[in-house]
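Chemist: Please work out how this folds:
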Amino acid sequence: MTKRVIGILTGGGDAPGLNNAIKQVVNSAAGEFIIEGITEGWKGAIMMTKGEDPRVYTLPLITNQVRRIDRTGGTILMSSRANPFNYGGEDLSDKVAGFLSERYHAVIALGGEDTLGAAGKLYAKGLDIIGIPKTIDKDLCQTRFTLGFDTATNIIKDHVISLKTPAGSHGEVYFIEAMGRNAGHLTYWGGIGANAHFITIPEAEIDAERLIEAIERRRGSLVKRRGYSLDGLRYTIVVVSEGTRFSGVGQITKKTIDPHGNQELGDGLVALYLQRKYKELTGCTAKTEVIGRRQRGGSPSAYDNLLGILLGQKGVDLIRHGDFGRMATFNGETVGDVPLESVIDKIRILDADKVYDPKRYRPIIAANNRLYHEIEVSK
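Modeler: All right, here's what the predicted structure looks like:
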């Protein structure tokens, strides 16, 4: 029997655990399918349809070649935010779907809501494709967990805890900015993990002046007595989401929009806004930190290692049974799958009314309540 060829690509931002999924796909398919990596995500597929030599944008993958890749983060296939439905203003989706259908028995796409949203639309154009959920933002619909999220939250937790030392030593206020776009999962989980004093999330509008008043009330409750410097109230850590919305201001964004139509955020804009506001209202200085792409870096956590293996295996199983147009999922207990069309143009966010106190700028934690409530909304 002639071995069939599966193409595999990783799109969007890199995330710890991607290489584990790639390795599992290769190992699971060995002897039954040939696996060919497509480099630079959808960009690799686009460039091949534009006449570029496929040998530049493809990489044969065999078991011996992927033996050690699970030890590192990132993706050996590289990635990009290219969009076959909008590449330099041109819709190349028909050409991409046709080219990939001709070259491969099926394609596995690993990515978040942009990459897999494109995958779902390409499936509607006739491409046999499977999705594997990957995003540190955890904003992909129909799955409780995504590759990279656990590692990213641990990086945030470690970063914040490390900053408590200089903040405490100098009695400082820190505004620490985390990623997440329009979903607050990273600041919520990372902030709780580090016992941050306050957090902000995109799902709840933030009154900057009231937040600063809360910081000052906390600092004002410090009783200055002999040994007062040992009091934990001497410093304040605020973990803020890059997608935070402020009353009367809205989101603080860059001027650029990515190929998938998303307004670009980050680079410390939220932390700098709060730093300036704090100086304006109190006359005091505050420090800022931007965790940035470090949240996506390094070796994956044990949880993301396992998740990559489970989801990679599920991807091959779906192809083996001819169940195309599906995305592998994980709800914390079992691996499943859903139609790719169910993740198009939607995101999974916090149900702020149930998990966040906008007056205290703190998570709602109750012993008789669920820690975590989510909802799915249109983009």
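
Chemist: correct me, but Ile34 touches Val5?
Modeler: Yes: here Ile34 reaches Val5: they are 4.6 Å apart, a contact under C-beta atoms under 8 Å. Heads up, the C-betas are built off the backbone N, CA and C, glycines and all.

Chemist: These two: which has the busier surroundings?
Modeler: Using other C-beta atoms under 10 Å as the criterion, Ile34 and Val5 rank with Ile34 on top: 18 against 15.

Chemist: Three-state assignment for that one, please.
Modeler: Following DSSP: H, G, I helix; E, B strand; the rest coil, the label given to Ile34 is strand.

Chemist: Gly7 versus that one, what's the distance?
Modeler: Applying C-beta to C-beta, to the nearest Å, the value for Ile34 to Gly7 is 10 Å.

Chemist: again, but for Phe246
Modeler: 44 Å.

Chemist: ok, which stretches of the stretch 101-250 of the chain are helices?
Modeler: Along the stretch 101-250 of the chain, counting by DSSP state H, counting those that start in this stretch, helices occupy 113-124, 149-170, 185-193, 208-220.

Chemist: which one of these lies closest to Val107?
Modeler: Closest to Val107 of the helices of the stretch 101-250 of the chain, according to C-beta to C-beta: helix 113-124, at 7.9 Å.

Chemist: what sits up against that closest one?
Modeler: 11-12, 41-42, 81, 83-85, 93, 96-97, 100, 107, 109, 111, 129, 131, 133-135, 139-141, 258, 260, 262, 324-325, 327, 339-341, 343-347, 379 (C-beta atoms under 8 Å, 6 or more residues apart in numbering).

Chemist: at 7 Å what do you get?
Modeler: Where contact means C-beta atoms under 7 Å, 6 or more residues apart in numbering, the residues beyond helix 113-124 that reach it are 11-12, 41-42, 83-85, 93, 96-97, 109, 129, 131, 139-140, 260, 324-325, 327, 340-341, 343-345, 347.

Chemist: Would you mind listing the buried residues in that helix?
Modeler: Neighbour counts over helix 113-124 (16 or more other C-beta atoms under 10 Å) mark Glu113, Asp114, Thr115, Leu116, Gly117, Ala118, Ala119, Gly120, Lys121, Leu122, Tyr123 as buried.

Chemist: mind listing what Ile155 touches?
Modeler: Going by C-beta under 7 Å, 6+ apart, Ile155 touches Arg294, Gln295, Gly298.

Chemist: Looking at those, which is nearest Ala178?
Modeler: Nearest to Ala178 among the contacts of Ile155 is Gln295, at 6.7 Å by C-beta to C-beta.

Chemist: That closest one against Thr153, yeah?
Modeler: No: with contact defined as C-beta atoms under 7 Å, Gln295 does not count as touching Thr153 (8.5 Å).

Chemist: could I get stretch 298-317 in CSV with only the CA atoms?
Modeler: In CSV, the C-alpha atoms belonging to stretch 298-317 read as follows (Å, rounded to 0.1, in the frame of the first residue of the first chain):
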residue,chain,number,x,y,z
GLY,A,298,11.5,28.1,27.1
SER,A,299,10.8,24.4,27.8
PRO,A,300,7.2,23.4,28.2
SER,A,301,5.7,22.5,31.5
ALA,A,302,4.9,18.8,32.3
TYR,A,303,1.2,19.7,31.7
ASP,A,304,2.0,21.1,28.2
ASN,A,305,4.2,18.1,27.5
LEU,A,306,1.3,15.8,28.2
LEU,A,307,-1.2,17.9,26.4
GLY,A,308,1.0,18.0,23.2
ILE,A,309,1.2,14.2,23.2
LEU,A,310,-2.6,13.8,23.8
LEU,A,311,-3.6,16.3,21.1
GLY,A,312,-1.0,15.1,18.6
GLN,A,313,-2.3,11.6,18.9
LYS,A,314,-5.9,12.7,18.5
GLY,A,315,-5.0,14.6,15.4
VAL,A,316,-3.6,11.5,13.7
ASP,A,317,-6.5,9.4,14.9
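
Chemist: Number of residues surrounding Thr39?
Modeler: By the criterion of other C-beta under 10 Å, Thr39 has 20 neighbours.

Chemist: Over to Asp91?
Modeler: Counted with other C-beta under 10 Å, Asp91 comes out at 12.

Chemist: Also the one 5 residues further on?
Modeler: Residue neighbour count, defined by other C-beta under 10 Å, stands at 23 for Val96.

Chemist: So which residues make contact with the strand or helix carrying it?
Modeler: Under the criterion of DSSP states H and E, Val96 resides in helix 93-103. Contact partners of helix 93-103, identified using C-beta under 7 Å, 6+ apart, comprise 7, 45-46, 48-49, 84-85, 107, 121-122, 125-128.

Chemist: change it to 10 Å
Modeler: 5, 7, 9, 36, 38, 42, 45-46, 48-50, 54, 58, 83-87, 92, 106-107, 118, 121-129 (C-beta atoms under 10 Å, 6 or more residues apart in numbering).

Chemist: ok now do Leu127, which residues does it touch?
Modeler: Shown in contact with Leu127 (C-beta under 10 Å, 6+ apart): 45, 93, 96-101, 104, 106-107, 109, 119, 121, 324-325.

Chemist: change it to 6 Å
Modeler: The contact partners of Leu127, taken as C-beta atoms under 6 Å, 6 or more residues apart in numbering, are Ala97, Leu100, Ser101.

Chemist: Also Glu172?
Modeler: Counting by C-beta under 6 Å, 6+ apart, Glu172 touches Tyr235, Lys287.

Chemist: What segments of the stretch 201-350 of the chain are strands?
Modeler: Per DSSP state E, counting those that start in this stretch, the stretch 201-350 of the chain carries strands over the ranges 236-241, 245-246, 250-251, 287-290, 326-330, 335-339, 346-350.

Chemist: Would you tell me which of these gets closest to Val270?
Modeler: Nearest to Val270 among the strands of the stretch 201-350 of the chain is strand 236-241; the distance by C-beta to C-beta comes to 5.0 Å.
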